[in-house]
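[1] what follows is a predicted structure for the sequence shown.
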There are 6 protein chains.
Amino acid sequence: MSRLQPIEYAEASKAVRAVFDDIKQTRNVPDVNNFWKYLAHDPVGLKRTWESLKEVMAPGALDPLTKEMVYLAVSVTNGCGYCIASHGAAARKAGMTDAMFGELMGVVGMANETNRLANGYRVPIDPMFD
Amino acid sequence: MSRLQPIEYAEASKAVRAVFDDIKQTRNVPDVNNFWKYLAHDPVGLKRTWESLKEVMAPGALDPLTKEMVYLAVSVTNGCGYCIASHGAAARKAGMTDAMFGELMGVVGMANETNRLANGYRVPIDPMFD
Amino acid sequence: MSRLQPIEYAEASKAVRAVFDDIKQTRNVPDVNNFWKYLAHDPVGLKRTWESLKEVMAPGALDPLTKEMVYLAVSVTNGCGYCIASHGAAARKAGMTDAMFGELMGVVGMANETNRLANGYRVPIDPMFD
Amino acid sequence: MSRLQPIEYAEASKAVRAVFDDIKQTRNVPDVNNFWKYLAHDPVGLKRTWESLKEVMAPGALDPLTKEMVYLAVSVTNGCGYCIASHGAAARKAGMTDAMFGELMGVVGMANETNRLANGYRVPIDPMFD
Amino acid sequence: MSRLQPIEYAEASKAVRAVFDDIKQTRNVPDVNNFWKYLAHDPVGLKRTWESLKEVMAPGALDPLTKEMVYLAVSVTNGCGYCIASHGAAARKAGMTDAMFGELMGVVGMANETNRLANGYRVPIDPMFD
Amino acid sequence: MSRLQPIEYAEASKAVRAVFDDIKQTRNVPDVNNFWKYLAHDPVGLKRTWESLKEVMAPGALDPLTKEMVYLAVSVTNGCGYCIASHGAAARKAGMTDAMFGELMGVVGMANETNRLANGYRVPIDPMFD
């Protein structure tokens, strides 16, 4: 009935280890972070989530820094403490400076404000946006 | 008791017109969009919101396209229909291509998914992120 | 598989009619609004929701206008279109002026903004608030 | 100005004790959990919330396990730490296995993701769903 | 700058058609619904989202009806109009009766209410849940 | 990569000190609370946020107590722990009694519940509200 415990590499199943290995290699880190150690309780979900994330966060039309900042913006909007901490660190690692973080928070704050003003005033969509 | 009506330039007070003029000049558009015409019911709030938004969205450590995409990501997360339409258009105008939009939605979707996985598994923050 | 239809008084069961009658009498209105006509598909839920709402919205330590404005503030934050329309009308009926509505939206907007700034900057609670 | 303290049975009013007694008897537990001890600061709200919850969570067309898993899914979506802990425990007690929890989180995660994709792509409702 | 248009099978690329074919076959339907026709603007995201969804919604430790009701509960909590319509229909198709829907909404409503009560009263997690 | 530290007055820049001084004078407090000490990492955002907040929270058509309770209602709905603590304290300071807090939570809870019922039943807006 109590809280789940993280699954460490040493005690992980072969399927879980394969995902952990791929995370470590892709990110060039010595160990996976807690998110993956908890998700490992569902090896199928672990694999699906990692493969989706790897695909989504790979450089493409958007660069990794932009992607990490968007991830952080969503996590801040949703108030996910773990995600703010981990993706804040990831964004810093990808090159986000203090000045960029300050401006990012400014945009996230204003978007959350004006989203509610548009709701509250019941603003109809302009024909040119439709 | 019914829905508010937009305030058009011709019927606007001097204070409202001053804000509308600044929006039109700053954005180089012939008219302001509905959001401002409804917010004009509160001239003090109109001025405050516009001046904040102008400051937040100006180019700085982050470029205008990145800012518009972050704005869109927050609006999509909150499900604000008006804001998705208007900032989707603004992001396109600032240079967002179809490929960039597709990747942006991929990141927004994954962030919303993993935010809940971190909540549900009650993942504690790793010491290195704290 | 399609959308539910509203249940009108003429076709309602005795249990549903009893709730509709109480709503009409309490609010002094000739008919109940759509919310109740749809909720009538679940007569037990209809009765529970109405009785809870009647208790919660009755004048007490807070007056009805304050309660309606708080209801509207929550609905705007959640982006519930129906609730914004119906509780906006209810707040107007309870005495909310244009000026009060403008200031209410100002507070709702700022709260939604600073909620995210507090999240994003990971601000620890001051000892005096704890 | 500081945090409220829980109201324990020994110090509770007669009205609060009556609700606590009913909770303990209905759930067959030796003491109520913190949620009720804090809500006891508002005895009317305590009674209303408990009676509503008792009615809603009773076995009916849906079994208790399904209801607890839905409760958990909503709490995870909203990011309510207390509710995730307490309803996670309740769902386990009602029979949720590790495998069921893993699949539940998978559904909650995908729903939160695709909710945003539907928002972002501004997908119109298919006629057959309307 | 305007709204995206759905991509119909006849005009779809080979990669998109392959996903559409798999959806139609898996669900035994003559055409895919709008969600997929819009997501088709991002063929990589379309494939990833469909394959994840197919895996998540397959019968397992939880039956398809329970999964669809959880999906609906999350969509209702987030206020995603499209998802409420499409997953409401899917849940009906999987066997959700009117009575089940009424109880489901009762649980979703109470969870959303008590999530906020737990927040507002700042209820600490009971040791037995931790 | 780790958590930001608060910026205390002694180490603050001239621009930050000017805002801190205005907060202390306006609120008649010996020191600013943590929110401002963290936001000080972005002096421009600090000044903008404080000036907006000061304008929004000043007495006007709505009194300061009503404004603080609305702020608290939004913060509870969003689940912002810091904001619930700080604006709960501010509302108490402005005159919110235990009874008022209890009723406020009752309204916030019911609004969050019925917002979802309106979503789930897909209730169309009554013509009189439109």
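    Here it is on my side, so go on.

[2] what strand or helix carries the closest residue in space to residue A:9 that isn't next to it in sequence?
    In space, residue A:9 comes closest to residue A:20 once its chain neighbours are excluded; the distance is 5.6 Å by Cβ to Cβ, 6 or more residues apart in numbering or on different chains. Glycine gets a C-beta too; all of them are placed from N, C-alpha and C. Assessed by DSSP states H and E, residue A:20 sits inside helix A:14-27.

[3] same check on residue A:54?
    In the assignment (DSSP H and E), residue A:54 maps to helix A:43-57.

[4] close to chain D, is the next helix or strand after that helix?
    Using DSSP H and E, the helix or strand that directly follows helix A:43-57 along the chain is helix A:64-78. Yes. Legend: contact between helix A:64-78 and chain D by Cβ under 8 Å from any Cβ of the partner chain is shown at residue A:78.

[5] and helix A:64-78, what does it pack onto?
    The elements that helix A:64-78 packs onto, with contact taken as 3 or more Cβ pairs under 8 Å, 6 or more residues apart in numbering or on different chains; DSSP states H and E, are helix A:43-57, helix A:81-93, helix A:98-120, helix B:64-78, helix B:98-120, helix C:98-120.

[6] mind listing what's buried along it?
    Neighbour-count burial for helix A:64-78, with 16 or more other Cβ atoms under 10 Å in any protein chain shown as criterion, is recorded at A:64-78.

[7] and if you look at stretch A:94-105?
    Taking 16+ other Cβ under 10 Å as the criterion, stretch A:94-105 shows A:94, A:96, A:100-105 as buried.

[8] what lies in contact with it?
    In this structure, residues lying in contact with stretch A:94-105 by Cβ atoms under 8 Å, 6 or more residues apart in numbering or on different chains are A:64-65, A:68-69, A:72-73, A:76, A:88, A:91-92, B:56, B:60-62, B:67, B:70, C:116-117, C:120-121, F:41-42, F:44-45.

[9] mind redoing it with 6 Å?
    Contacting residues not belonging to stretch A:94-105 are listed as A:64-65, A:68-69, B:60-62, C:117, C:120, F:42, F:45 [Cβ atoms under 6 Å, 6 or more residues apart in numbering or on different chains].

[10] go on, stretch A:119-130?
    With contacts defined as Cβ under 6 Å, 6+ apart, stretch A:119-130 is touched by B:3, B:33-35, B:38, B:82, B:85-86, B:89, C:76, C:79, C:105, E:3.

[11] the residue nearest to residue A:65 when sequence neighbours are not counted and residue A:59, how far apart?
    In space, not counting the residues next to it along the chain, residue A:65 is nearest to residue A:94; the distance is 4.3 Å by Cβ to Cβ, 6+ apart. Noted for residue A:94: a distance of 10 Å to residue A:59, by Cβ to Cβ, to the nearest Å.

[12] residues contacting the helix holding residue A:54, please?
    If you take Cβ under 6 Å, 6+ apart as the criterion, helix A:43-57 is touched by A:15-16, A:19, A:39-40, A:67, B:106-107, B:110, D:102, D:106, E:48, E:52.

[13] in it, which residues are buried?
    Going by neighbour count (16+ other Cβ under 10 Å), the buried part of helix A:43-57 is A:43, A:45-50, A:52-53, A:56-57.

[14] in chain A, where is pLDDT below threshold?
    Regions of chain A meeting the criterion pLDDT under 70 cover residues A:1-2.

[15] buried residues in stretch A:15-35?
    For stretch A:15-35, a neighbour-count test (16+ other Cβ under 10 Å) marks A:16-17, A:19-20, A:23, A:32-35 as buried.

[16] closest one of those to chain E?
    Proximity to chain E was ranked across those by Cβ to the nearest Cβ; first place goes to residue A:19, at 14.8 Å.

[17] list the contacts of the closest one.
    If a contact means Cβ under 6 Å, 6+ apart, then residue A:19 has A:46-47, A:50 as its contacts.

[18] how about the residues you listed in JSON lines, adding distance to residue F:11?
    Formatted as JSON lines, the entries for those read as follows, by distance: Cβ to Cβ, whole Å:
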{"residue": "A:46", "distance to residue F:11": "44"}
{"residue": "A:47", "distance to residue F:11": "48"}
{"residue": "A:50", "distance to residue F:11": "42"}
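
[19] out of these, who's nearest chain C?
    Of all these, chain C sits closest to residue A:50, with 25.6 Å by Cβ to the nearest Cβ.
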